[in-house]
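*Asks:* take a look and give me a structure for this.
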Amino acid sequence: MILNALLAFGIVMSSATQWIVDGASSTLGELALLLWILLALGQMLSAKQMMVTPALVRLGGFWLGLALLTCVGVIVGYMSETLYASYVVHDTASYILLACITCLSAAKLDTKRQLRQCAWFLVLFANGTLAIQFLMGAGVINFSSINPWYWDRFRGWSQNPNQLALYCAVYGPIALHLATTSKARLPMVAGFTGLVIPVV
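*Replies:* Below is the predicted model:
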């Protein structure tokens, strides 16, 4: 349960690109995701719980194919134009982080229950952080290093409003999925409630 909460927290905070950790040049979300990868890998290796599931095989094939195509793209890019190493390193690190998260998630025992629990944590953390961001945008809460507005567009903790909008476009359908697939009334109501703030 703690690992699922940590994964959800890392995903939610990965949109908070204005929260850069001093000396690490990484966001709080990226550090949380890296910690989750290390803990999940350690747990699987120590308990020998890693399973080669059909989902893991498909994800592994996808990431292998993407890696090969990206290598071809980088070679073509170097031959035809100037590439900046900082951007290439950043994108490579992002893809590796995402590949580790998806593959480790698919290799767990009882993946369906684990991912559903992670989705509930995701909706909970997303609504909590979005509520705080709205309060900051309204001027109720102030942080000197965070500017929640990009001209007249609300961006919250993100660098640009489009990034926040894309994350909300993910949080909403996840909450809707949890609401429509829940059999009990209380989780159904909680799922529909979790849909409100991302839509707003």
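*Asks:* do you have the strands of this protein handy? List them.
*Replies:* Here the chain has its strands, by DSSP state E, at 20-21, 26-27, 149-150, 153-154.
*Asks:* of those strands, which stretch is the most buried?
*Replies:* Greatest average neighbour count among those goes to strand 26-27 (a mean of 18), per mean count of other C-beta atoms under 10 Å. For every residue, glycine as well, the C-beta is placed using N, CA and C.
*Asks:* ok, it: who's next to it in the sheet?
*Replies:* Strands that pair with strand 26-27, judged by DSSP bridges, come out as strand 20-21 (antiparallel).
*Asks:* mean confidence score for the partner strand?
*Replies:* In this model, strand 20-21 has a mean pLDDT of 73.
*Asks:* give me the number of residues near Cys118?
*Replies:* Using other C-beta atoms under 10 Å, Cys118 has 20 other residues around it.
*Asks:* that one and Met1 touch, don't they?
*Replies:* No: in this structure Cys118 lies outside contact range of Met1 using C-beta atoms under 8 Å: 9.6 Å.
*Asks:* picking up where we left off before, possible to save the strands of the chain as CSV with distance to Arg58?
*Replies:* Shown next, in CSV, are the strands of the chain (distance: least, C-beta to C-beta, whole Å):
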stretch, distance to Arg58
strand 20-21, 34
strand 26-27, 29
strand 149-150, 38
strand 153-154, 38
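*Asks:* for Ile37, which of the ones you listed is the nearest?
*Replies:* In terms of C-beta to C-beta, the element of the strands of the chain nearest to Ile37 is strand 26-27, at 13.3 Å.
*Asks:* relative to the whole chain's centre, how far out is that closest one?
*Replies:* Strand 26-27 sits 13 Å away from the centroid of its parent chain (C-alpha atoms, centre = their mean, to the nearest Å).
*Asks:* ditto for stretch 111-131
*Replies:* Here the centre of stretch 111-131 is set off from its chain's centre by 11 Å, with C-alpha atoms, centre = their mean.
*Asks:* what residues sit buried inside that stretch?
*Replies:* Neighbour-count burial for stretch 111-131, counted by 16 or more other C-beta atoms under 10 Å, picks out 114, 117-127, 129-130.
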